[in-house]
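Asks: Sequence plus the predicted model coming up.
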Amino acid sequence: MARFEVIGRKPPFDELKASIMYNHWLWPEPFVKRVAVHDIDGDGSDEVVLAGGMNTFAVDGAGKMLWAYQEDPSSHGSRPSLHELVFADVNNDGRDEVVGGASDMWYHGAMIAIGPSGEKIKQYRSDGWVSGVTAALCHDFTGDGTRSLAYGTRMGGVFFYPDPADMRSRWYRRFADRVDVLDVLDGGDGDGILVVAGGDTGWVTALDRQGDRVWAAYVGMHIRAMASSTRRDRLTVACEGGEVLELDGQGAIVRSATLEGSPSLLLSPPGDEGVVVGTREGRIFRLE
Ligand SMILES: [Ca+2]
Ligand SMILES: [Ca+2]
């Protein structure tokens with residue numbers, strides 16, 4: 001098996017902080033768990049959506065709050081903010097809505113779609129109590145312009161809506177372990193296949209758009225981060241013990257590297273065949 005070449009063991013994270021510019025505005029929220037940027041009102045410029053402690057906020061580019069969304073606690077007894085944030089057109093009006101799910105374990109693993117005034121438009125299904133949404137993505141799997149919605153839960157469920165505007169289009173698969181990461185590979189015919197991993201069982205599983213299994217690869221380690229390449233023909237996974245593996249489009253492991261530390265982030269920069277791995281210890285590695 002080929003080995004990755006590990007480049008750039010330096011600089012440590014503290015040196016990188018020095019290059020971060022001062023903020024133009026500051027949003028006073030004590031617990032920010034996720035920040036995402038997308039045009040959610042269709043005016044051509046992006047808004048900022050952030051998941052706080054109990055609220056999900058939309059803020060414009062000047063820092064002005066557009067809306068705050070708080071889950072109704074009556075249906076499930078808690079007020080979680082929506083940490084897993086994606087953007088999909090849930091009502092076929094040509095404009096993307098915020099779709100988010102909370103990972104709090106006392107919460108049902110549902111996804112909530114929020115309209116342009118902060119109102120709840122619809123709720124996608126959960127797989128039960130003490131679940132919670134742990135990963136979500138939106139992607140055009142067939143190239144027809146419709147971005148499908150996929151999300152995974154603490155209970156090991158994967159929900160998939162080929163058309164998020166059509167609730168009846170859903171399929172659901174249950175895995176033996178929690179879902180931590182989702183990504184998309186090219187299935188070879190131009191259509192995307194959904195790749196699912198997570199938990200302690202150490203498997204990577206690829207499903208087609210109908211939910212049928214295309215392949216499953218045993219990695220044997222807890223996968224903490226995953227990213228497909230720009231052309232979606234390769235998949236890189238980073239595991240708890242520092243092992244980084246590259247899989248081809250059929251799930252065969254083709255390259256590997258062992259890093260010092262516990263990987264927590266993995267990026268595949270656009271147009272770049274390499275990957276960047278961040279560790280919990282504050283180091284950044286570039287593999288190519
Ligand atoms: Ca906008
Ligand atoms: Ca819409």
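Replies: Received, thanks. Ligands and ions are numbered 1, 2, ... in the order given.
Asks: shaky segments in the stretch 101-250 of the chain?
Replies: 104-108 (pLDDT under 70).
Asks: the strands in it, which residues?
Replies: Assigned by DSSP state E, counting those that start in this stretch, the stretch 101-250 of the chain shows strands spanning 111-114, 120-124, 133-139, 148-153, 157-161, 171-174, 181-186, 192-197, 203-207, 213-218, 223-228, 234-239, 243-248.
Asks: and whichever residue of the stretch 151-288 of the chain sits closest to ligand 2, what does it touch?
Replies: The minimum distance from the stretch 151-288 of the chain to ligand 2, using Cβ to the ion, falls at Ala165 (7.7 Å). Every residue, glycine included, has its C-beta placed from N, CA and C. Counting by Cβ atoms under 8 Å, 6 or more residues apart in numbering, Ala165 touches Asp89, Val90, Asn91, Asn92.
Asks: got it, and Leu245?
Replies: Val219, Thr236, Val237, Cys239, Ile253, Arg255, Ser256.
Asks: Counting neighbours, which of the residues you listed comes out on top?
Replies: Sorting the contacts of Leu245 by how many neighbours each has (other Cβ atoms under 10 Å) puts Val237 first, at 27 neighbours.
Asks: could you say what helices and strands the helix or strand hosting Ala257 packs with?
Replies: Element membership for Ala257, per DSSP states H and E: strand 253-258. Packing partners of strand 253-258 (3 or more Cβ pairs under 8 Å, 6 or more residues apart in numbering; DSSP states H and E): strand 2-3, strand 243-248.
Asks: So Gly220 sits against Gly202, correct?
Replies: Yes. Counting by Cβ atoms under 8 Å, Gly220 touches Gly202, with 4.3 Å between them.
Asks: The closest residue to ligand 1 within the stretch 151-288 of the chain - how many residues pack around it?
Replies: Proximity of the stretch 151-288 of the chain to ligand 1 (Cβ to the ion) peaks at Pro164, 19.5 Å away. Counted by other Cβ under 10 Å, the residues lying close to Pro164 total 28.
Asks: ditto for Ala150
Replies: The number of residues near Ala150, taken as other Cβ under 10 Å, comes to 27.
Asks: what bridges to Ile223?
Replies: Counting by DSSP bridges, Ile223 is bridged to Cys239.
Asks: wait, what's in contact with it?
Replies: Taking Cβ under 8 Å, 6+ apart as the contact definition, Ile223 lies against Asp180, Val181, Ala197, Gly198, Gly202, Val204, Val237, Ala238, Cys239, Glu240.
Asks: if I look at Gly94, how far off is ligand 1?
Replies: Between Gly94 and ligand 1 the computed distance is 13 Å (Cβ to the ion, to the nearest Å).
Asks: surely Phe4 meets Arg255?
Replies: Yes. Shown here, Phe4 and Arg255 form a contact pair, counting by Cβ under 8 Å, at 5.4 Å.
Asks: who touches both of the two?
Replies: Glu246.
Asks: circling back: name the member of the contacts of Ala165 with the most neighbours.
Replies: That'd be Val90 among the contacts of Ala165, by other Cβ under 10 Å, with 25 neighbours.
Asks: which residues touch it?
Replies: Val90 touches Glu97, Val99, Ala113, Ile121, Lys122, Pro164, Ala165, counting by Cβ under 8 Å, 6+ apart.
Asks: Then Tyr172?
Replies: Taking Cβ under 8 Å, 6+ apart as the test, what Tyr172 contacts is Arg125, Asp127, Gly157, Val158, Phe159, Phe160, Gly211.
Asks: make it 6 Å
Replies: Tyr172 is in contact with Phe159, counting by Cβ atoms under 6 Å, 6 or more residues apart in numbering.
Asks: What residues are bridge-paired with it?
Replies: Per DSSP bridges, the residues bridged to Tyr172 are Phe159.
Asks: Check Val99 too.
Replies: Val86, Ala113.
Asks: Would you agree it is in contact with Ala113?
Replies: Yes. Between Val99 and Ala113 there is a contact under Cβ atoms under 6 Å: 4.9 Å.
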